[in-house]
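Novice: Sharing a sequence plus its predicted fold:
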Amino acid sequence: TSLPDEMEALTKLRIINIAFNRFKIFPNVLYRILTLEAILLGSNQIGSLDPQQLKKMEKLSTLDLQNNDLLQIPPELGNCDNLRVLLLEGNPFRTPRAAILTKGTAAVLEYLRSRIPTVAADVN
């Protein structure tokens, strides 16, 4: 399942609900629709996403990825400061744990930010 690249021309699109489809990857064209405020992709088969591309989506405040096949959540997703609703329940990843997910989006983003690897500066 995929979305046509022509969707990029939908410059006024704010919400897209493509839940309950058979998407295996996050549709790349969505990263290029910068007007999107909500992406509802729950109950698909998505296995990964690109946090650097999501960070460019400055209007995106809701991202529903519940019940997908995400084995890991990239820590860099924590840098998506605009997200107010991040739904990740029902995925097979081990971290963040359910106890963190139940604390809400702000807690999840903070947890993810704390897991971003830092490059140690060589002081010598």
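Specialist: All right, it came through fine.

Novice: Do a quick rundown of the helices in this protein.
Specialist: With DSSP state H as the criterion, the chain has helices at 28-31, 51-55, 98-101, 105-114.

Novice: what about Asn28, neighbour count?
Specialist: Neighbourhood size, Asn28 [other CB atoms under 10 Å]: 13. (C-beta placed from N, C-alpha, C; glycine too.)

Novice: one step back: now the helices of the chain as a markdown table including distance to Leu71 and mean pLDDT?
Specialist: Output for the helices of the chain, formatted as a markdown table (distance: least, CB to CB, whole Å; pLDDT from 0 to 100):
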| stretch | distance to Leu71 | mean pLDDT |
| --- | --- | --- |
| helix 28-31 | 20 | 97 |
| helix 51-55 | 15 | 96 |
| helix 98-101 | 16 | 93 |
| helix 105-114 | 15 | 96 |
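
Novice: Of those helices, which stretch is the most buried?
Specialist: Of all those, helix 28-31 carries the top mean neighbour count, a mean of 17, counting by mean count of other CB atoms under 10 Å.

Novice: Excluding residues flanking it in the chain, which one is nearest Leu86?
Specialist: Leaving aside its chain neighbours, Leu86 sits nearest to Thr105 (4.5 Å; criterion: CB to CB, 6 or more residues apart in numbering).
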